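**Student:** Take a look and give me a structure for this.
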Amino acid sequence: MATVQIVQEIIKFVRCFSFVTRLVDEFVSEIQVCDFIFLHDAFMARVKHGQRCILVDAVENAGEAERSMKLWRWLVLSYFFLAGDASKVPALFVFGDSTVDTGNLKQRSSLSLLMTNRLPYGRDFVPPGPTGRASNGKLSTDFLAEFLELPSPANGFEEQTSGIFRGRNFAAGGSGYLNGTGALFRTIPLSTQLDAFEKLVKSTAQSLGTKAASELLAKSLFVVSTGNNDMFDYIYNIRTRFDYDPESYNKLVLSKALPQLERLYTLGARKMVVLSVGPLGCTPAVLTLYDSTGECMRAVNDQVASFNSALKASLASLASKLPALHAMYGNAYDLLLDAVEQPSKYGFKYGNVACCGLGRFGGSSACSNLSNVCFSADEHVFWDLVHPTQEMYRLVSDSLVSGPPSMASPLNISQLIAF
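**Tutor:** As a prediction, the model looks like this:
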C-alpha cells in the first residue's frame, strides 16, 4: 500500500475516536511522514524533523483500544517534534484569583459575593454573556492567549479531555496564597489548584510519556495572579488585624507563597509569570469603606507595595536558586495606580468610579442587575467594586508582553518565551 494511502487510513481510523478529532483537524496537516516500516510486529513511522527523519511508534498489533491510544500518542508527539520552532509556547497554564478566573469558582460554589454568571458581567464579551469572569469582557490572560496564538485555557476543574495540550486555567475567585483566604465562600485555594494541576501532569505523562510531557511543560507559559484576597482579608477582618501588624502579616503570606511557586517548578514549570497585588487602596470598595473623598487610601497601598517589593525580591532569589527557572515579576500595581491617578493618560475618563455598582464610587455593593451600569465600560478603569474593566486588563496584558523592566522584571513575556 502506498505511503499516502496508509496515512489516509490512519487519519480515517483516528477520526473514529471523538476525543482526538479536534486535535487531528488542527495538527495533522503539520505532520510529514517520510515512510513506514514493519518491525517487531508493529508499524513504525519515520516522521520529518528538520532535515532528518526520526522513528516513532505508529500502530501495534494489539486490541482496538490500545491501538487508538498508540495513534493518539504518536500524533501528539509528532506535532510537538515538528512544531518545536514554530510554536515556542504550546500551552498556557493559569493559577490565581478572580483577576484570572474564567469560571472555576462558579462551577464549584454558589456562595460568591459576585454574580459573575449573570449579566451585566460579560456584557462586552464576544459573544455577549456572562462567562464567570469578573469583568465586562476579557481578562489579561485572554489577551495573553491571543498574543501566544492559543485559545483561552479551558477551566481546569471541568470534566473534559479536550484542550489538555493547550493549557488549563485553575484560578478561582476569592482565593489566595493562604488556604484560609476565601474559605467562607468555598473557593479553591492555590494549594488545591496545584493539586489539580499535579493530576493533569500525571495524566499527560501517561499519554505522552514522561520525557515528552516534561518538554511540553518546559516550553509552556505559567501565570500566577493572586494575593489580592489575602490583603483584602487583612483590610476587612478585624481578628486578622488584631493578630498581625501589616509587616508580620505580609511575611506570613510570603512564607506561604514561595513554597507553592517552588512546587509549581517541581511539577514542571520553567517559564513563570507572577503578578503583583494591585493598588487595593484605590478600589471603589476600599474608598467606600473608608469614606474617602476620592484619594487612594495610603496605608492600604503602603502595605500592598511593601508585600510586592518582598515578592519581587523573593522571586528573583527563587530563580537564582533554581537555574532552569525563568521567572518574571509582573508589576500590575504601578500601572493600575497610574491609571487611577491619571486616567486620561490611558484613554479613560474615570479612574476610581466603577462602571457597575452603587454609591459615590460604585463601591457600596457588588455589581448586579440592580446596579447603576455605565454606557461605556472603556471609559472606566474599574468594572465593579474591585475588578478592572476589559480595557484595563488589555493594558495590563500589553505591559506584561512588551513592557519595560519597570513593568516586567527582569524581562517581559516576549523575551521570556525566547528561552
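
**Student:** ok, the nearest residue to residue 172 once chain neighbours are set aside - contacts?
**Tutor:** Leaving aside its sequence neighbours, residue 172 sits nearest to residue 188 (Cβ to Cβ, 6 or more residues apart in numbering; 3.7 Å). C-beta here means a position set from N, CA and C on the backbone, and glycine is covered the same way. Shown in contact with residue 188 (Cβ atoms under 8 Å, 6 or more residues apart in numbering): 104, 105, 108, 157, 170, 172, 175.

**Student:** Hmm, residue 171 and the first one touching each other?
**Tutor:** To tie it back to what came earlier, the one meant is residue 104. Yes: between residue 104 and residue 171 there is a contact under Cβ atoms under 8 Å: 6.2 Å.

**Student:** so where do the helices sit in the stretch 301-419 of the chain?
**Tutor:** 332-341, 390-402, 413-416 (DSSP state H, counting those that start in this stretch).

**Student:** quick revisit: let me know the secondary structure of the residue nearest to residue 172.
**Tutor:** Look at residue 188: counting by DSSP: H, G, I helix; E, B strand; the rest coil, its state is coil.

**Student:** More neighbours: which of residue 104 and residue 171?
**Tutor:** When neighbours are counted by other Cβ atoms under 10 Å, residue 104 and residue 171 differ, and residue 171 comes out ahead with 30 against 27.

**Student:** For the stretch 101-250 of the chain, give me the ranges with low pLDDT.
**Tutor:** Across the stretch 101-250 of the chain, the ranges flagged by pLDDT under 70 are 108-112, 159-164.

**Student:** can you pull out the helices in it?
**Tutor:** Under DSSP H, counting those that start in this stretch, the stretch 101-250 of the chain gives helices at 104-108, 140-147, 190-208, 210-219, 228-236, 238-243, 246-266.

**Student:** could I get the ones you listed as JSON lines with distance to residue 413?
**Tutor:** Converted to JSON lines, those look like this (distance: least, Cβ to Cβ, whole Å):
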{"stretch": "helix 104-108", "distance to residue 413": "23"}
{"stretch": "helix 140-147", "distance to residue 413": "7"}
{"stretch": "helix 190-208", "distance to residue 413": "20"}
{"stretch": "helix 210-219", "distance to residue 413": "14"}
{"stretch": "helix 228-236", "distance to residue 413": "21"}
{"stretch": "helix 238-243", "distance to residue 413": "34"}
{"stretch": "helix 246-266", "distance to residue 413": "17"}
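
**Student:** Any idea which of those helices gets closest to residue 132?
**Tutor:** When the helices of the stretch 101-250 of the chain are ranked by distance to residue 132, counting by Cβ to Cβ, first place goes to helix 104-108 at 4.4 Å.

**Student:** any idea which of the helices of the stretch 301-419 of the chain is most buried?
**Tutor:** Among the helices of the stretch 301-419 of the chain, helix 390-402 has the highest mean neighbour count (mean count of other Cβ atoms under 10 Å), at a mean of 22.

**Student:** For it, output the C-alpha coordinates as PDB.
**Tutor:** Backbone C-alpha positions of helix 390-402 (Å, rounded to 0.1, in the frame of the first residue of the first chain) are rendered in PDB as follows:
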ATOM      1  CA  GLN A 390     -11.700  44.700  29.900                       C
ATOM      2  CA  GLU A 391      -9.800  47.700  28.500                       C
ATOM      3  CA  MET A 392      -7.700  47.900  31.700                       C
ATOM      4  CA  TYR A 393      -7.000  44.200  31.500                       C
ATOM      5  CA  ARG A 394      -5.800  44.700  27.900                       C
ATOM      6  CA  LEU A 395      -3.300  47.400  29.100                       C
ATOM      7  CA  VAL A 396      -2.100  45.000  31.800                       C
ATOM      8  CA  SER A 397      -1.500  42.300  29.300                       C
ATOM      9  CA  ASP A 398       0.300  44.700  27.000                       C
ATOM     10  CA  SER A 399       2.600  45.700  29.800                       C
ATOM     11  CA  LEU A 400       3.400  42.000  30.600                       C
ATOM     12  CA  VAL A 401       4.100  41.200  26.900                       C
ATOM     13  CA  SER A 402       6.200  44.100  25.900                       C
END
